[in-house]
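Visitor: Take this sequence and fold it.
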Amino acid sequence: MRYRIWICSLLLIAAVMTGVFCLTVQHSSMADSTDVTLWTSSSSSGESVKYIYIVGGYHDPDNGGTWPWGDTGYPISRFIGNNMGDIEIQYADGSKDTIPLIYGYTLWWYDNWRAAPLPFKGKGADETLSQLLQDTLHVYGAYNGNPYCAIRIKPDQTKALKDIVFVDNPEKEGKAVIHDVHVFDSEPSGTIRGTSNGNAYKIRATDEYFLSHTIDSTDPFPERISEALDTLCLGVATSSQDWLNAPEYTYSDKYTGPKIYFTGTPYANIANGVIDFSLTDIATRADDTGFFGESLKYTEQYFYGGIGTYTMGGAYSTRMYSRNKTMLVLNGYGYTDRAEHTLGYINRQLMYYPEHNLKIFGIDIPGHFTMDIADPLNYKKTNFGLTKYNDPVKYGKDNWNLANMEQDGHGMMMLSNWSVWKSNGSSKQWVEDNWQYINEAATWIVWCFENADLTYCTNNVLYAESEGVVGWMGYSLYCNEPCYLGLLAYIEMAEVAGKTEEAALWRECAEKFGQGILDFFTNEDGTWNFEYEGKDRDPSLAYMRYLYGYDTADMNQDWLERAKKSYAGDLQEMLDKNDGYWGPWGVGYDHATILQSALLLDKMSDATILMNNLSKVCYDPDAPDVYGVAEAFAVDTKREYVRRVGDFENQIHTTEVLSVYLLSMGVSPVTSDNTTVKIMPRLAADWNVAVEDFQVEHTNARLALEVKSPKNGIQTASIKFHELDTLKTVQYRFGPFDINTESATITVNGENIESDLITSGDSKWAWITLEPTVNTQYDLVATTVVSDVETNNESSFPMYIIVIIACVCVGIAVCVAVIVIRKKKQEVGING
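Guide: Numbers count the residues shown, from 1 in each chain. Sure, this is the predicted structure:
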């Protein structure tokens, strides 16, 4: 279902090493074994040994188990404090001591540590944590990033040493790297020297470091070490102690967006901080030209395969990836001017191809969005092997002119233009002013299908070269769906502007394209074929919300039906793979996407857990940026510790998270009938939401809204419009209520009002309709009654039938008992 970059686990035991005053040196191969003897006494009665030097201290794979992005499966993730195996000191009398190989104590990382040592080391390091790590880490050379390190062990001096054995932890992927073992019968002096894989190493056996960092095998894991490891781990990770103590949040002075306040739980408090930090970031990131860097210029970089440490910088701040929803999100939060500013730059870049007269086999290439909007031909510099067009023999001197076909990004930019157009009044003038860009982007899709021999389109679906395809080359829902929706959006724009010929051509293409998506990507059982999903989760609902709004009744019903049938499998795959409700393989691609599916399908039990976990992922009170969205994350599921991974505030992941909060608040964009707005909050359990001034997307209407989570079957809300613009009607949905709710009584300002109680997802909901006036506050109260039936299974028997059956069974049992007793009495009488 998803692609991974797997790293083979290999334990390196290298060639013979020499030492000064060394009693014996032994080495062995242990790559595929669970228990491996590292050293054996030459005497059957064992030997007297003063010190053991284990040349090692790193692990293979040498990362946090999160390569390249996130993981939460316990076997894969590697945190400070995780035990990866043991060194057993076995004595001639049959007893043994066990030294655990634990990250932060007897194991450490090499590559990520050298690249990103904060907060333990470097400029701006936490001095207390730094010293604690140096005191706790008993791996000589690891803190300094030496390629070869050593652990010194003092065995029980009253016993004869027989064997030294490595015991792997089968619960964890990979193995500790042990190059060799040196044992000494007296105090060593000088330097231990040796080679491993042809590389020479040396360890100063008498370094003063060992005076305070020698492990006593009779007390191999003191309590102070255990406590220190937990402190060190929580220096780069978070736990319930952090999340449950998250303070109530007040928006900062520099925040200029709608002050949406989620309240009720600490997890809800965290959401406000994320909105403040992340929305302020994306609302101000674009420069004067409209260029919008993918990453912040200067923030934490946790690196792929990260271990929780970081450095400061900007991973992708000079690139502008088309695969993002930033403009859609900015528009949703009321920053239409900022979205339009950047779209001006984006649309100008679209025209790079016709303006430079780029062709392939003499055929003009229409304008299209590639991976990097700012550098349309960047693909050949960075992704040479991930395209079919890198062969000049096959494609001639023009082989790079197509760059790459970032179809997901192309469609997202089309939807972004449509969204801004809708918020500018859906005017004919806007379309005419931007017609060359609208026409060019739609023409690209038609051109791809008309030139399938060049573009590899098949079965009426688009071929793509993108991160949104398994293996970066092929066919996926993630890349096709936004282009299809974008084409529908542009048809609407063309029709408003009277471009009937173009609209007819695009509609003909869209009809075949839409059917192609259904035919090519659907399994026989009616589910989406996740082999072609593209990213980790079904993206269809998270795309459709932008074109159709938040009510699934208004969406493409064929896609909706497939999403419903696919949801259980999508969720179960996540639960099985990640040990719980965690989507770490890209916060946006994975966690936020399935969360949007859960919300839109009204699976509120799942949504509650996912919402709370999202807050855990986006909050770290000890980080430079306390609130915000990392590219990915890792979880130690046994302790439920969470740490950040990858880039920080990466556009696609940040905007998907911000999308979640808009959807949860529930003020739907007005996408078709501009006289009606639907308000349908989908709140996690015990969450509330309030906003004093929110612009209804695609209108100039503004409202105040407050919604409380249902308590004991009662829910309250209030609505007040500051401006109505074209709106005349509000359709408001209460809920979620218990699935066994049998009735709901709704009052508006104390007066009863008709309602429609429905079942959706795992809950009941109640719809009402209002015709509001400006500056009138509407206080809404829903009071529900729950039936005594404990299941809504339609195939279950009515209760009265169950009672009758039970009574009949009891009667039969009594009759049988009477017959048996009489028979026994008769037998007794005969025998007597």
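Visitor: Just to be sure, residue 215 is in a helix?
Guide: No. Under DSSP: H, G, I helix; E, B strand; the rest coil, residue 215 falls outside any helix and is assigned strand.
Visitor: need the contact list for it.
Guide: Residue 215 makes contacts with 99, 106, 138, 151, 152, 153, 154, as judged by Cβ atoms under 8 Å, 6 or more residues apart in numbering. Yep, even glycine has a C-beta here, placed from its N, CA and C like the rest.
Visitor: Most neighbours out of the residues you listed, which is it?
Guide: Counting neighbours by other Cβ atoms under 10 Å, residue 106 comes out on top of the contacts of residue 215 with 28 neighbours.
Visitor: List the contacts of residue 635.
Guide: Contacts of residue 635 (Cβ under 8 Å, 6+ apart): 72, 77, 578, 579, 580, 582, 584, 641, 642, 643.
Visitor: try it again with 7 Å
Guide: 72, 77, 582, 584, 641, 642 (Cβ atoms under 7 Å, 6 or more residues apart in numbering).
Visitor: how would you label residue 38: helix, strand or coil?
Guide: strand.
Visitor: you'd agree it is up against residue 165?
Guide: Yes. Using Cβ atoms under 7 Å, residue 38 is in contact with residue 165, at 6.5 Å.
Visitor: picking up where we left off before, now the contacts of residue 635 as a markdown table including neighbour count, secondary structure and distance to residue 146?
Guide: Supplementary listing: the contacts of residue 635 in a markdown table, determined by neighbours: other Cβ atoms under 10 Å; DSSP: H, G, I helix; E, B strand; the rest coil; distance: Cβ to Cβ, whole Å:
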| residue | neighbour count | secondary structure | distance to residue 146 |
| --- | --- | --- | --- |
| 72 | 26 | coil | 31 |
| 77 | 27 | coil | 25 |
| 582 | 28 | coil | 35 |
| 584 | 26 | coil | 31 |
| 641 | 24 | strand | 28 |
| 642 | 29 | strand | 30 |
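Visitor: which two in these are spaced the farthest apart?
Guide: Farthest-apart pair in these is 584 and 641; separation 13.0 Å (Cβ to Cβ).
Visitor: Let me know the closest of the contacts of residue 215 to residue 478.
Guide: Nearest to residue 478 among these, with distances taken as Cβ to Cβ, is residue 106, at 42.9 Å.
Visitor: Columns distance to residue 630 on top of the contacts of residue 635, output as a markdown table?
Guide: Formatted as a markdown table, the contacts of residue 635 follow (distance: Cβ to Cβ, whole Å):
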| residue | distance to residue 630 |
| --- | --- |
| 72 | 13 |
| 77 | 15 |
| 582 | 13 |
| 584 | 10 |
| 641 | 15 |
| 642 | 10 |
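Visitor: hang on, the earlier thing: okay, among the contacts of residue 215, which ones form the most distant pair?
Guide: The widest separation within these (Cβ to Cβ) is 13.8 Å, between 106 and 154.
Visitor: where does this structure dip in pLDDT?
Guide: 1-33, 789-832 (pLDDT under 70).
Visitor: Show me it divided up by domain.
Guide: 24-233, 676-786, 798-832 (automatic domain parsing).
Visitor: Alpha carbons only: can I get stretch 496-509 in PDB?
Guide: Taking C-alpha atoms only, stretch 496-509 is exported to PDB below (Å, rounded to 0.1, in the frame of the first residue of the first chain):
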ATOM      1  CA  VAL A 496     -19.100  31.700 -16.700                       C
ATOM      2  CA  ALA A 497     -16.900  33.600 -19.100                       C
ATOM      3  CA  GLY A 498     -18.800  32.400 -22.200                       C
ATOM      4  CA  LYS A 499     -15.900  30.200 -23.400                       C
ATOM      5  CA  THR A 500     -18.400  27.600 -24.600                       C
ATOM      6  CA  GLU A 501     -16.100  25.900 -27.200                       C
ATOM      7  CA  GLU A 502     -13.300  25.300 -24.700                       C
ATOM      8  CA  ALA A 503     -15.800  24.200 -22.000                       C
ATOM      9  CA  ALA A 504     -17.300  21.600 -24.400                       C
ATOM     10  CA  LEU A 505     -13.900  20.200 -25.300                       C
ATOM     11  CA  TRP A 506     -12.800  20.000 -21.600                       C
ATOM     12  CA  ARG A 507     -16.100  18.400 -20.600                       C
ATOM     13  CA  GLU A 508     -15.700  15.700 -23.200                       C
ATOM     14  CA  CYS A 509     -12.200  15.000 -21.900                       C
END
